[in-house]
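Student: This is the structure alone, sequence omitted:
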């Protein structure tokens with residue numbers, strides 16, 4: 001794949017998945033390839049500690065519509081989430097705008113699902129038609145649908161076989 005676009009789970013017990021994602025990206029991506037990983041904000045410093053092999057490039061703001069998500073322990077109402085941008089080696093592409101606006105929330109296919117419009121905006125900003133997009137946490141399949149709708153190829157995987165089946169069914173439509 002030319003890029004990994006993914007949304008790993010955010011709770012503290014899943015922090016090691018970011019380390020596994022780092023290993024995967026360093027192994028799979030070509031030189032100059034990008035890893036775009038969404039993250040919650042509560043454990044962000046620890047997420048940064050997990051990703052050491054890839055080169056940190058930037059943090060993009062992914063803005064979500066509707067009601068704020070309340071972070072009770074932090075006393076914050078959030079309307080955005082970070083998308084951490086890492087590169088294998090050096091990024092030599094075009095300048096990238098660092099904000100994305102999701103058109104709608106979509107939890108129909110997975111409780112942590114993202115919108116197709118938001119994922120499509122990320123994919124279009126970082127790839128060209130024909131590129132291969134990989135999502136190792138495919139969940140409900142929004143990244144796959146977005147990739148296909150924008151003329152990219154898609155590879156998805158997930159630890160949950162039900163998610164893989166559901167994504168495959170969505171992509172077959």
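Tutor: Here it is on my side, so go on. This is a predicted model, so every value here is computed, not measured. Numbers count the residues shown, from 1 in each chain.
Student: Give the full set of residues in contact with residue 65.
Tutor: Counting by Cβ atoms under 8 Å, 6 or more residues apart in numbering, residue 65 makes contact with 101-105. Any C-beta I mention is one placed from the backbone N, CA and C, and that applies to glycine too.
Student: Of those, keep whichever come out buried.
Tutor: With neighbours counted by 16 or more other Cβ atoms under 10 Å, the contacts of residue 65 contain buried members at residue 102.
Student: out of the contacts of residue 65, which are inside strands?
Tutor: Among these, the members found in strands (DSSP state E) are residue 101.
Student: Check the contacts of residue 65 against residue 52 and report the nearest one.
Tutor: Among the contacts of residue 65, residue 102 lies closest to residue 52 (Cβ to Cβ), at 29.1 Å.
Student: wait, the closest one sits on residue 117?
Tutor: Yes: judged on Cβ atoms under 8 Å, residue 102 makes contact with residue 117 at a distance of 6.2 Å.
Student: per-residue confidence for the residue lying farthest from the centre of the chain?
Tutor: Here the chain reaches farthest from its C-alpha mean at residue 75, the gap being 25.6 Å by Cα atoms, centre = their mean. Reported pLDDT at residue 75 in the predicted model: 86.
Student: tell me the contacts of it?
Tutor: Residue 75 neighbours (Cβ under 8 Å, 6+ apart): none.
Student: so what strands line up beside the least confident helix or strand in the chain by mean pLDDT?
Tutor: Lowest on mean pLDDT, DSSP states H and E among the helices and strands of the chain sits strand 69-71, with a mean of 77. Strand 69-71 sits in its sheet next to strand 76-78 (antiparallel), going by DSSP bridges.
Student: centre of the chain versus the strand it pairs with, how much separation?
Tutor: Put simply, strand 76-78 sits 21 Å off its chain's centre (Cα atoms, centre = their mean, to the nearest Å).
Student: buried ones in that strand?
Tutor: Of all the residues in strand 76-78, not one is buried under the rule 16+ other Cβ under 10 Å.
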